[in-house]
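Asks: Prediction below, plus the sequence it came from.
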Amino acid sequence: MAEKTKSKGKVLTTPERCKQCGLCVANCPVSAISFGTEINSVGYNFTIIDHEKCTVCGMCYMTCPDFVYEIQAD
Amino acid sequence: MAIARKVPELVDRPNGFCPGCGHGIVTRLIAECLEELGQDKNVIFGIGVGCSSLLGGVIKADRLHCSHGRVGAVATAMKRVNPDNIVIAYQGDGDAYSIGIGETTSAAYRNENFTTIIINNTNYGMTGGQMSNTTMPGQKTSTSVNGRDCAVTGMPIRFPELVASQFAPAYAARGSVDKPANIIKVKKYIKNALEAQMNKEGYSVVEVLSPCPTNWGEDAPASMKRIVEALIPYFPLGEFKAREVK
Amino acid sequence: MADMIKGNEAIAEAAIRAGARLYAGYPITPSTEIMEYMSWRMAEVGGTFIQAESEIAGINMIIGGAACGVRAITASSGPGMSLKQEGMTTLSDEELPAVVINTVRYGNGIGTLYSAQCDYLRETRGGGNGDYRVIVLCPESIQEAVDLTVLAFDLAEKYRMVCMLMTEGALAQMMEPAELPEMREATRYPWGFDGKYTNKKIGIFDRNSMTEAVALNEKYNSVKENEQRWESNYVDDADYVFVAYGLPGRSTIGAVEALRAEGHKVGFIRPITAWPFPEKAFKEVNRNVKGFISVEANATGQLIDDIALTAKKAFKNNIPEYCKPHVYGVPSMRVIKEDFMKVIAGEMKEVY
């Protein structure tokens, strides 16, 4: 039975900080990030992550200018 | 294998930069370098006037908002009287290269032992997008509405090259935040610069090409594309003066 | 008997002994010897000397050093002082102590090299943006310059303000005997930067100007109440009171003594602080005084404005104020006596 191996770890977000700039969306190598339908208190559609697709590579953390992301390696 | 990454406490709070601005990325890289070098409780910032001023609202460190263009002089004195603290000058291209060209260049000329980080977004951002000394030929800004005429206003200035070729600095580099691979290099340049300072090697400068979606009139990913296509060919990336291996 | 010493050197050495450990500045006549002296003396006491590339860089270096808690000093004159104005308002805004020496030279623009008192209004009102004040001390002798230089550092530290020694170019260049104070141990202000973020700050866009304005007024009112300094004599029975500061103040005192000896009822007030202006001195003046006479070395009359405002505040009736500005140099006793004769003969019209 083939099993998909995946990095351990998880990406956490602080949606209140997201300004909908789109850099993480553009730089995610597996297109796991998109803008949700909810808006945060500063008026932006904050990003949501498809954790099934996410490989916890950290590109979103790297390119986000607003400290939205935290990468947990468990 | 995931690597744990958390924004250092030094900056871990909302910032006031525009959506997609490069300042936020560089701010995080500076904080990461300071933490990794064990200097996050041993640092004083001299902050410029402009978008760079917004650093003051996000960073929890000793800092002085300097008069426009004068960080080069303020940081010179701070480092001379507090040689064991890390001193970082944090400015934009307007603050450092227009009004501050005298102080910025003189500090490099004297090989002062602090680190200057200049965020180059090819315009005066905070005041609404006027032409700066790094505006590209033909670039439209609020004071060059038909595109910059370099025959009359001069060609964009390349400061790290000037310093590396004409003075005797410890370290001079230019990076870009357009993609993660380049962001990683910017972090390496900043760390090299700070290590040069810690080792008392002399003046270090890192210029970083940054998007300005607000004044370039494009979204952040398109602005990053502009950096790659229009800016990097003129403002090459790399280390113009590497640290000397002793 | 104290040794003879040049004004500029005395001021520089007094600063060193008061604990100054940073000098950053640019040469400009007639202040240059202060910088030259500091260029070798600072290193001897473990201080820092920086030859700045400009006057503007110089004042900004003072800002950087003061922010780190160091007693910092710079000196300039004329157009050099003009260049520093943004630095002055910035020091005030950041509540950083600093001592600035202005050896005043005559003229607008590049000006001249003549000794003068033509910066009075700018120093007492503040030449930078906003409504800040600096404490302004005016010596009449090299000894007083030495004493006031030490006081300048203490007042600057006490109130977290700029304290200026405003003296004439002639005093900077002349020689007189003066006693220098004992060397003090140099210490850092406890609130200076140490890299550890011991003292928290808020972002510049988060400041509350309303509350800051209240605090600013409280500070300045405290200085006005507690730090007025002057010398005066013969004011309780005077018909006319001369008001003059610095070297012109000194020759005015001589003129007053001579006029008294001739039977004229004249007195003098010599402000030692131009800001805060010595309002308390005016309260001691004869209630029936007939007029105030300003003696000053500039073209348009500047001190006369403060005399008029203060006399107005101190007296119910409008007392005439006279001023024939002497342009530059130090007016002699003879010339001051001639001014007086014109006043009492009704040949000089009052300014206010």
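Replies: Perfect, thanks for sending it.

Asks: So which residues of the stretch 201-350 of chain C form helices?
Replies: For the stretch 201-350 of chain C, the helices defined by DSSP state H, counting those that start in this stretch cover C:209-226, C:246-261, C:279-283, C:303-314, C:333-344.

Asks: Which one, of the ones you listed, ends up nearest to chain A?
Replies: Smallest distance to chain A across the helices of the stretch 201-350 of chain C (CB to the nearest CB): 24.7 Å, for helix C:209-226. Heads up, the C-betas are built off the backbone N, CA and C, glycines and all.

Asks: hmm, who's touching the closest one?
Replies: C:Asp131, C:Tyr132, C:Arg133, C:Ile135, C:Tyr159, C:Arg160, C:Met161, C:Pro276, C:Glu279 (CB atoms under 8 Å, 6 or more residues apart in numbering or on different chains).

Asks: related to what we said a few turns ago, rebuild the helices of the stretch 201-350 of chain C as TSV, extending it with mean pLDDT.
Replies: Conversion of the helices of the stretch 201-350 of chain C to TSV gives the following (pLDDT from 0 to 100):
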stretch	mean pLDDT
helix C:209-226	97
helix C:246-261	98
helix C:279-283	98
helix C:303-314	97
helix C:333-344	97
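
Asks: JSON lines please, covering the ones you listed and showing distance to B:Ala31 and mean neighbour count.
Replies: Listed next are the helices of the stretch 201-350 of chain C as JSON lines, based on distance: least, CB to CB, whole Å; neighbours: other CB atoms under 10 Å in any protein chain shown:
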{"stretch": "helix C:209-226", "distance to B:Ala31": "29", "mean neighbour count": "12"}
{"stretch": "helix C:246-261", "distance to B:Ala31": "53", "mean neighbour count": "22"}
{"stretch": "helix C:279-283", "distance to B:Ala31": "52", "mean neighbour count": "19"}
{"stretch": "helix C:303-314", "distance to B:Ala31": "51", "mean neighbour count": "20"}
{"stretch": "helix C:333-344", "distance to B:Ala31": "66", "mean neighbour count": "17"}
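
Asks: would you turn those helices into CSV with distance to B:Gly94?
Replies: Converted to CSV, the helices of the stretch 201-350 of chain C look like this (distance: least, CB to CB, whole Å):
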stretch, distance to B:Gly94
helix C:209-226, 25
helix C:246-261, 43
helix C:279-283, 45
helix C:303-314, 40
helix C:333-344, 53
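
Asks: picking up where we left off before, in a markdown table: the contacts of helix C:209-226, plus distance to chain B and secondary structure.
Replies: Output for those, formatted as a markdown table (distance: CB to the nearest CB, whole Å; DSSP: H, G, I helix; E, B strand; the rest coil):
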| residue | distance to chain B | secondary structure |
| --- | --- | --- |
| C:Asp131 | 18 | coil |
| C:Tyr132 | 14 | coil |
| C:Arg133 | 19 | coil |
| C:Ile135 | 22 | strand |
| C:Tyr159 | 20 | helix |
| C:Arg160 | 15 | coil |
| C:Met161 | 17 | coil |
| C:Pro276 | 27 | coil |
| C:Glu279 | 33 | helix |
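
Asks: Those residues: which two are farthest apart?
Replies: Using CB to CB, the contacts of helix C:209-226 span at most 23.2 Å, a distance reached by C:Arg160 and C:Glu279.

Asks: how far out from the middle of the chain is stretch B:200-207?
Replies: With CA atoms, centre = their mean, to the nearest Å as the basis, stretch B:200-207 stands 12 Å off its chain's centre.

Asks: Which parts of it count as buried, going by neighbours?
Replies: By neighbour count with 16 or more other CB atoms under 10 Å in any protein chain shown, stretch B:200-207 contains the buried residues B:Glu201, B:Gly202, B:Tyr203, B:Ser204, B:Val205, B:Val206, B:Glu207.

Asks: from those residues, which is closest to chain C?
Replies: B:Tyr203 (14.4 Å).

Asks: that's a helix at C:Ala186, yeah?
Replies: No. Read with DSSP: H, G, I helix; E, B strand; the rest coil, C:Ala186 is coil and lies in no helix.

Asks: burial of B:Asp219, as a residue count?
Replies: B:Asp219: 18 surrounding residues under other CB atoms under 10 Å in any protein chain shown.

Asks: And the one 10 residues further on, by the same measure?
Replies: Residues within reach of B:Glu229, counting by other CB under 10 Å, total 10.

Asks: Regarding it, what is its secondary structure?
Replies: On the three-state scheme (three-state DSSP), B:Glu229 is labelled helix.

Asks: residues in contact with it?
Replies: By CB under 8 Å, 6+ apart, B:Glu229 has no neighbours at all.

Asks: How about the secondary structure of the residue nearest to B:Arg110 when sequence neighbours are not counted?
Replies: Leaving aside its sequence neighbours, B:Arg110 sits nearest to B:Thr76 (CB to CB, 6 or more residues apart in numbering or on different chains; 7.2 Å). Secondary structure for B:Thr76, judged by three-state DSSP, is helix.

Asks: Give me the contacts around the longest strand seen in chain A.
Replies: Across chain A, the longest stretch assigned as strand under DSSP state E is strand A:33-39. The contact list for strand A:33-39, computed with CB under 8 Å, 6+ apart, reads A:Pro15, A:Gln20, A:Gly22, A:Cys24, A:Val25, A:Asn45, A:Phe46, A:Thr47, A:Ile48, A:Ile49, A:Asp50, A:Cys60.

Asks: Give me the neighbour count for C:Asp93.
Replies: So C:Asp93, with other CB under 10 Å, has 18 neighbours.

Asks: Apologies, that question was intended for C:Tyr189.
Replies: Count around C:Tyr189 with other CB under 10 Å applied: 15.

Asks: go on, C:Thr187?
Replies: A total of 12 residues lie near C:Thr187 under the criterion other CB under 10 Å.

Asks: Contact partners for whichever residue of the stretch 1-150 of chain C sits closest to chain B?
Replies: For the stretch 1-150 of chain C, the residue closest to chain B is C:Gly64, as judged by CB to the nearest CB, at 3.2 Å. Contact analysis of C:Gly64 by CB under 8 Å, 6+ apart lists B:Gly46, B:Leu64, B:Ala73, B:Val74, B:Ala75, B:Thr76, B:Ala77, B:Met78, B:Val81.

Asks: So which of the buried residues of stretch B:200-207 reach chain C?
Replies: Contacts with chain C within the buried residues of stretch B:200-207, counted by CB under 8 Å from any CB of the partner chain: none were found.

Asks: Let's have those in JSON lines, adding pLDDT.
Replies: JSON lines is the format used below for the buried residues of stretch B:200-207 (pLDDT from 0 to 100):
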{"residue": "B:Glu201", "pLDDT": "98"}
{"residue": "B:Gly202", "pLDDT": "98"}
{"residue": "B:Tyr203", "pLDDT": "98"}
{"residue": "B:Ser204", "pLDDT": "98"}
{"residue": "B:Val205", "pLDDT": "98"}
{"residue": "B:Val206", "pLDDT": "98"}
{"residue": "B:Glu207", "pLDDT": "98"}
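
Asks: that older thread, ok, the contacts of C:Gly64 vs C:Asn298, which is closest?
Replies: Using CB to CB, the contacts of C:Gly64 come closest to C:Asn298 at B:Ala73, 31.3 Å.

Asks: that's a helix at that closest one, yeah?
Replies: Yes. Per three-state DSSP, B:Ala73 lies within a helix segment.

Asks: which residues does the residue at minimal distance from the centre of chain A bridge with?
Replies: For chain A, A:Ile49 is the residue whose C-alpha lies nearest the centre (CA atoms, centre = their mean; 4.7 Å). Per DSSP bridges, the residues bridged to A:Ile49 are A:Ile33.
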